[in-house]
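Trainee: pasted the sequence and its predicted model underneath.
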Amino acid sequence: MPGGGFCKLPGGSVVVALSLPSPLGDGATLRVLVHAANRARALTRVRNQGLRAVYLRGNTHPPTPDEITAVLHHPDGLLWRTLPESAAELWQPMRALLRPTAGS
């Protein structure tokens with residue numbers, strides 16, 4: 001499911017969903033969710049996490065209602081999990097993906 005999209009919430013904020021290659025270089029695709037005041041701020045939040053070349057072109061794969069619920073109920077408002085989604089995999093905070101490993 002390449003691409004991404006957004007959903008404007010009744011309060012004026014947005015939830016942006018992006019499908020991105022994993023920054024770990026393992027060939028995996030990640031679904032990243034971010035809650036922010038607007039689309040530009042959402043992309044800035046993702047870029048500030050180290051994913052520099054992030055753009056939202058179109059609205060081909062907007063967040064599902066389940067994804068919106070997940071990101072709204074998380075204190076960071078910035079989540080990820082690998083694609084394709086499996087029922088056993090939970091949403092993870094972005095800091096868990098970008099945390100340095102013990103060997104580096």
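Mentor: Yep, it's here.
Trainee: can you list contacts of stretch 69-84?
Mentor: The contact list for stretch 69-84, computed with C-beta atoms under 8 Å, 6 or more residues apart in numbering, reads 1, 15, 19, 22, 28-36, 45-46, 49, 63, 89-95, 97. C-betas here are computed from N, CA, C, even on glycine.
Trainee: could you confirm residue 44 falls within a helix?
Mentor: Yes: counting by DSSP: H, G, I helix; E, B strand; the rest coil, one finds residue 44 located in a helix.
Trainee: contacting residues around it?
Mentor: Residues near residue 44 by C-beta under 8 Å, 6+ apart: residue 36.
Trainee: could you check the pLDDT of it?
Mentor: Per-residue pLDDT puts residue 44 at 94.
Trainee: again, but for the one 5 residues further on
Mentor: As summarised for this prediction, residue 49 has a pLDDT of 86.
Trainee: could you look up the SS state of residue 74?
Mentor: Under three-state DSSP, residue 74 comes out as coil.
Trainee: what's the residue closest to the geometric middle of this protein?
Mentor: For the chain, the residue nearest the mean C-alpha position is residue 32 (1.6 Å; C-alpha atoms, centre = their mean).
Trainee: brilliant, that's me finished.
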